[in-house]
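> Sequence first, then the predicted structure:
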Amino acid sequence: MNLQQLIPWRFRSRHNFVKAHANVFFGSVLSTPPMKCHQDSKNEVHVLVCKRDMNMCLVAVKSFLHFYDKVKVVIHEDGSLSEADLSKIQDHLPGARLISRKEADSALLTVL
């Protein structure tokens, strides 16, 4: 057996450790002010987010909105976010549209 197989994935490299604990490393975004999303724009930015990367998503979207805020922001959640996570997103990105996994799955069922 390879020794590396005995070490959990998150401890095999610094990159893996940061990726596995992204919400901790990007947690300071929760102390930043909200950034309003432009709901009347014809341009949209879509983001897919899971629970592990929620704070990283907020950093990425807020950074984008800092430089160009005339876009709609549509956030697709993969089904792993809790109600508390969804409310954090709505608090930090007012005007963003949230599409839940259930909503996306039911929309696809009608198409497929």
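Thanks, I have it.
> quick one: buried residues of stretch 21-37?
With burial defined by 16 or more other Cβ atoms under 10 Å, the residues of stretch 21-37 counted as buried are 22-23, 26, 29, 35, 37. In short, each C-beta sits where N, CA and C put it, glycine included.
> can you redo those as CSV with secondary structure and pLDDT?
Below are these laid out as CSV (DSSP: H, G, I helix; E, B strand; the rest coil; pLDDT from 0 to 100):
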residue, secondary structure, pLDDT
A22, helix, 81
N23, helix, 84
F26, coil, 88
V29, helix, 94
M35, coil, 95
C37, coil, 91
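> quick one: which of these is nearest to F11?
Proximity of these to F11 (Cβ to Cβ) peaks at A22, which lies at 15.4 Å.
> Let me see the contact set for the closest one.
By Cβ atoms under 8 Å, 6 or more residues apart in numbering, the residues touching A22 are 52-53, 55-56.
> Point me to the helix or strand that includes the residue nearest to it when sequence neighbours are not counted.
The shortest distance from A22 to any non-neighbouring residue, by Cβ to Cβ, 6 or more residues apart in numbering, is to M56 (4.7 Å). With secondary structure defined by DSSP states H and E, M56 is part of helix 54-67.
> Next, format the buried residues of stretch 21-37 as CSV and append distance to Q4.
Formatted as CSV, the buried residues of stretch 21-37 follow (distance: Cβ to Cβ, whole Å):
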residue, distance to Q4
A22, 22
N23, 26
F26, 27
V29, 33
M35, 41
C37, 43
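> and which of those residues is nearest to N16?
Each of those was checked against N16 using Cβ to Cβ; the closest is A22, at 11.0 Å.
> Kindly confirm whether my reading is correct that the residue nearest to A22 touches S28.
No. With contact defined as Cβ atoms under 8 Å, M56 does not count as touching S28 (11.6 Å).
> any idea how far A20 is from L98?
Distance of L98 to A20, computed by Cβ to Cβ, to the nearest Å: 25 Å.
> Check which helices and strands whichever strand or helix holds T110 is in contact with.
T110 is part of helix 101-111, with elements assigned from DSSP H and E. On a contact count with 3 or more Cβ pairs under 8 Å, 6 or more residues apart in numbering; DSSP states H and E, helix 101-111 meets strand 72-77.
> All set now, cheers.
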